[in-house]
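1. Here is my input; please provide its structure:
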Amino acid sequence: MNNDDDDWEDTFDENGITLGPEEILHREIQKSKNLKVERLQLKDEVEKLRAENIHLTQKIQALTEEAKAPLSSAQKDEAPLQPQPFSGLSPKWFLFLLIFNSSALAILLYFLFQK
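-> Okay, here's the model as predicted:
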């Protein structure tokens with residue numbers, strides 16, 4: 001139950017003016033409306049969070065099932081990828097490139113140590 005002391009405290013406005021019964025009733029109605037609006041907003045937020053929670057739970061379950069699922073038959077039938085041998089250059093090119101790079105290195109070293 002409410003104390004009479006609380007009723008006395010509520011009868012004052014912010015400016016210290018004593019409120020009449022109509023003003024007190026109007027203030028209580030406004031408080032009630034504000035609380036109802038806040039309550040509805042909280043209900044909406046709770047519903048949104050519940051829906052998001054359900055969506056995320058389903059997504060987690062789908063991902064865990066996908067991770068645990070064995071390979072499908074199409075993936076099993078495919079041969080594993082193996083590196084293909086490189087046959088773009090003939091052995092003559094390898095020999096030419098080896099000699100060319102060796103001579104370039106020798107010339108660079110010669111000019112480096114000449115100074």
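2. From here on, just use CA atoms for contacts and neighbour counts.
-> Will do.
3. Can you tell me the element the most centrally placed residue in the chain falls in?
-> For the chain, the residue nearest the mean C-alpha position is Leu56 (11.9 Å; CA atoms, centre = their mean). Leu56 belongs to helix 21-68 when assigned by DSSP states H and E.
4. roughly how far out does that helix sit from the chain middle?
-> 22 Å (CA atoms, centre = their mean, to the nearest Å).
5. and that helix, what's its mean pLDDT?
-> Helix 21-68 carries an average pLDDT of 93.
6. With stretch 101-113 instead?
-> 94.
7. any idea how far it is from the chain center?
-> Its chain's C-alpha centre and that of stretch 101-113 lie 56 Å apart, by CA atoms, centre = their mean.
8. same thing with stretch 85-101?
-> The answer for stretch 85-101 is 51 Å, by CA atoms, centre = their mean.
9. how close does Leu95 sit to Ser103?
-> Plainly put, Leu95 is 12 Å away from Ser103 if you go by CA to CA, to the nearest Å.
10. Common neighbours of these two, please.
-> With contacts taken as CA atoms under 8 Å, 6 or more residues apart in numbering, Leu95 and Ser103 have no neighbour in common.
11. Leu112: neighbouring residues, count only.
-> 9 (other CA atoms under 10 Å).
12. Ala51 versus that one, what's the distance?
-> Distance from Leu112 to Ala51, by CA to CA: 73 Å.
13. Same question for Leu97.
-> 66 Å.
14. and what of Gln82?
-> Gln82 is 46 Å from Ala51, by CA to CA.
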